[in-house]
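Colleague: Need coordinates for the following:
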Amino acid sequence: LLEIGGRNLLIDCGMEQGADIFQNQELPIDPGKIDFVCLTHAHIDHSGMLPYLYKNGFRGSIFATKATTQLCRIMLKDSAHIQESEAEWKNRKNKRSDAEPVVPVYTIEDAENVLTYFVPCEYEKKIDIAPGIQIRMRDVGHLLGSASIEVWLTEAGHTKKIVFSGDIGNTNQPLIKDPLYVDDADYVVMESTYGNRSHDQGISLLDCKSELKQILKETLAAGGNLVIPCFAVGRTQEILYFLRQLKVDHELPEFEHTEVFVDSPLAVEATNIFMTNTQECFDEEAMALVRQGINPIRFPGLRLSVSVEESRAINEDPKPKVILSASGMCDAGRIKHHLKHNLWNPNNTILFVGYQAIGTLGRSLLEGATEVKLFGETVYVGAEICQMPGISGHADVNGLMTWIKSFSQKPTKVFVTHGDDEVTEI
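Modeller: Presented below is the predicted three-dimensional model:
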């Protein structure tokens with residue numbers, strides 16, 4: 001939160017994921033007194049409390065890239081649906097114990113209303129949002145539409161520049177461009193998600209595809225299903241990119257006629273949004289396919305499940321298949337139903353392809369849980385649990401250091417945030 005010239009500017013307003021350590025922490029300001037929000041990207045841990053701001057009086061402008069604005073139109077309404085559904089479920093349980101009614105954090109109506117305050121911005125264009133406040137967005141390569149935000153603040157004739165990194169992207173990701181760097185700032189606020197870890201620098205995109213190919217081969221040979229918990233936006237599209245390559249290059253005969261299900265209405269909508277932002281956000285390799293009239297994330301055998309009936313039918317079909325479903329950390333969404341139907345079977349594989357926060361179901365499975373609770377039922381973990389190395393939307397410690405070292409002069413101060421306590425306090 002920045003205060004300048006009597007105006008209040010908030011950078012991101014996300015919903016805590018994993019253990020709700022900060023669940024009861026209030027904003028240090030009345031939401032109605034916030035004049036502007038600058039949004040680095042659409043992931044819920046950065047955008048998820050914007051409808052809550054509206055619900056509590058915010059009526060200012062929200063500046064975000066065009067792709068982020070489009071993604072938030074589907075993601076915030078999806079998040080609101082989850083809030084309403086969870087409150088309804090808890091209230092059904094509470095009736096039996098005479099507990100106080102649970103009120104959703106916000107509603108679908110709140111989400112729809114806050115979306116009217118978005119102001120789509122172009123990359124690299126300096127914008128005057130108020131007297132003494134200028135911003136510019138620079139592609140940071142984390143997600144479609146993601147940005148670092150440069151902020152110039154002028155008061156009493158003096159100007160200071162603050163740069164907010166947003167989530168810094170990994171290099172050589174499928175589909176989207178590598179992060180761009182910023183070379184000057186007085187102050188920097190930067191993320192530290194992987195601040196104490198290194199991705200395997202020897203793993204290339206080709207290695208990621210080879211790893212996926214081997215896991216797929218072993219699972220299909222066992223007659224099992226490959227279940228991939230995926231964030232609906234970003235990771236789903238990247239895995240589709242790899243699966244398309246395996247299909248069209250005929251690298252795995254047993255995969256030729258295997259169906260791939262994307263079971264997430266949100267992921268289906270997000271995939272369409274990816275294809276409307278190719279020029280601004282896609283890297284050269286993906287654009288080469290687009291110029292040939294090829295959709296880099298569609299292929300024969302791909303099935304998009306939207307309705308509840310389509311989702312249920314997936315687990316009624318005994319044929320081996322690939323299932324991509326949200327959420328990526330397994331704490332909500334249709335993936336929980338697929339885990340209930342697939343976790344117990346030793347022929348199946350659950351493949352994690354993204355970060356699993358402390359306190360999430362995904363983290364528990366990766367750490368060796370032998371049984372889990374799903375919909376009040378204890379489910380035995382018999383399936384193979386594995387994680388694909390080398391695929392990450394976040395820069396590792398080396399990428400973070402490359403980003404901060406890009407400043408030509410050392411900033412006055414660097415604030416480190418968005419990481420586990422043991423990382424931010426190093």
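
Colleague: What residues sit buried inside stretch 49-61?
Modeller: Using 16 or more other CB atoms under 10 Å as the test for burial, stretch 49-61 gives 49-56, 58, 60. Heads up, the C-betas are built off the backbone N, CA and C, glycines and all.

Colleague: Stretch 315-326 too?
Modeller: 315, 320-326.

Colleague: tell me the mean pLDDT over it?
Modeller: Across stretch 315-326, the average pLDDT comes to 95.

Colleague: Tell me where the stretch 201-350 of the chain has helices.
Modeller: 205-221, 235-248, 265-274, 278-281, 284-291, 308-316, 335-342 (DSSP state H, counting those that start in this stretch).

Colleague: And those helices: which comes nearest D139?
Modeller: helix 278-281 (7.5 Å; CB to CB).

Colleague: Now do the buried residues in the closest one.
Modeller: Buried, per 16+ other CB under 10 Å, within helix 278-281: 278, 281.

Colleague: what does stretch 265-276 give?
Modeller: Those would be 265-271, 273-274, for stretch 265-276 by 16+ other CB under 10 Å.

Colleague: How many neighbouring residues does E254 have?
Modeller: Residues lying near E254 (other CB atoms under 10 Å) number 12.

Colleague: for M137, same thing?
Modeller: 26.

Colleague: Could I get the CA-only coordinates of the helix or strand harbouring it as PDB?
Modeller: Taking DSSP states H and E as the criterion, M137 maps to strand 133-139. Only the C-alpha atoms of strand 133-139 are listed here, as PDB (Å, rounded to 0.1, in the frame of the first residue of the first chain):
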ATOM      1  CA  ILE A 133       1.600   9.000  -9.900                       C
ATOM      2  CA  GLN A 134       2.800   7.200 -13.100                       C
ATOM      3  CA  ILE A 135       2.900   3.500 -13.800                       C
ATOM      4  CA  ARG A 136       4.300   1.200 -16.400                       C
ATOM      5  CA  MET A 137       3.900  -2.600 -16.900                       C
ATOM      6  CA  ARG A 138       6.700  -4.800 -18.100                       C
ATOM      7  CA  ASP A 139       6.300  -8.500 -19.100                       C
END
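
Colleague: Quickly run through the sheet partners of it, with directions.
Modeller: strand 127-130 (antiparallel), strand 147-155 (antiparallel) (DSSP bridges).

Colleague: Pull the distance from the longest one to the chain's centre.
Modeller: For strand 147-155, the separation from the chain centroid amounts to 24 Å (computed by CA atoms, centre = their mean, to the nearest Å).

Colleague: now stretch 47-61
Modeller: For stretch 47-61 - counting by CA atoms, centre = their mean - the centre lies 20 Å from the chain centre.

Colleague: which residues are contacting it?
Modeller: 12-15, 30-32, 34-37, 39, 41, 62, 68, 72, 75-76, 79-80, 105-107, 110-111, 113-114, 117, 119, 129 (CB atoms under 8 Å, 6 or more residues apart in numbering).

Colleague: quick one on the thing from earlier: and of the helices of the stretch 201-350 of the chain, who's closest to E150?
Modeller: Set against E150 and scored by CB to CB, the helices of the stretch 201-350 of the chain come closest in helix 278-281, at 18.0 Å.

Colleague: quick check: mean pLDDT across the closest one?
Modeller: Across helix 278-281, pLDDT averages out at 93.

Colleague: Quick check, V188 in contact with V163.
Modeller: Yes. Counting by CB atoms under 8 Å, V163 is a contact partner of V188 at 5.0 Å.

Colleague: who touches both of those two?
Modeller: P411.

Colleague: ok, back up a step: now tabulate the buried residues of stretch 265-276 in a markdown table and tack on distance to I294 and pLDDT.
Modeller: Converted to a markdown table, the buried residues of stretch 265-276 look like this (distance: CB to CB, whole Å; pLDDT from 0 to 100):
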| residue | distance to I294 | pLDDT |
| --- | --- | --- |
| P265 | 25 | 91 |
| L266 | 24 | 92 |
| A267 | 20 | 92 |
| V268 | 19 | 93 |
| E269 | 21 | 95 |
| A270 | 19 | 95 |
| T271 | 15 | 94 |
| I273 | 18 | 96 |
| F274 | 14 | 95 |
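
Colleague: Distance to E3 for those residues - can I get that in TSV?
Modeller: Converted to TSV, these look like this (distance: CB to CB, whole Å):
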residue	distance to E3
P265	40
L266	35
A267	39
V268	41
E269	37
A270	35
T271	40
I273	34
F274	37
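
Colleague: now, which of the residues you listed sits nearest L365?
Modeller: Nearest member of the buried residues of stretch 265-276 to L365, counting by CB to CB, is A267, at 20.5 Å.

Colleague: My guess is G328 contacts F231. True?
Modeller: Yes. Applying CB under 8 Å as the test, G328 and F231 come out as touching, 3.8 Å apart.

Colleague: list residues touching both of these two?
Modeller: Joint contacts of G328 and F231 (CB under 8 Å, 6+ apart) are G354.

Colleague: circling back to that earlier point, could you find which two of the buried residues of stretch 265-276 are furthest from each other?
Modeller: Every pair of the buried residues of stretch 265-276 checked by CB to CB; the farthest is P265 and F274, at 15.3 Å.
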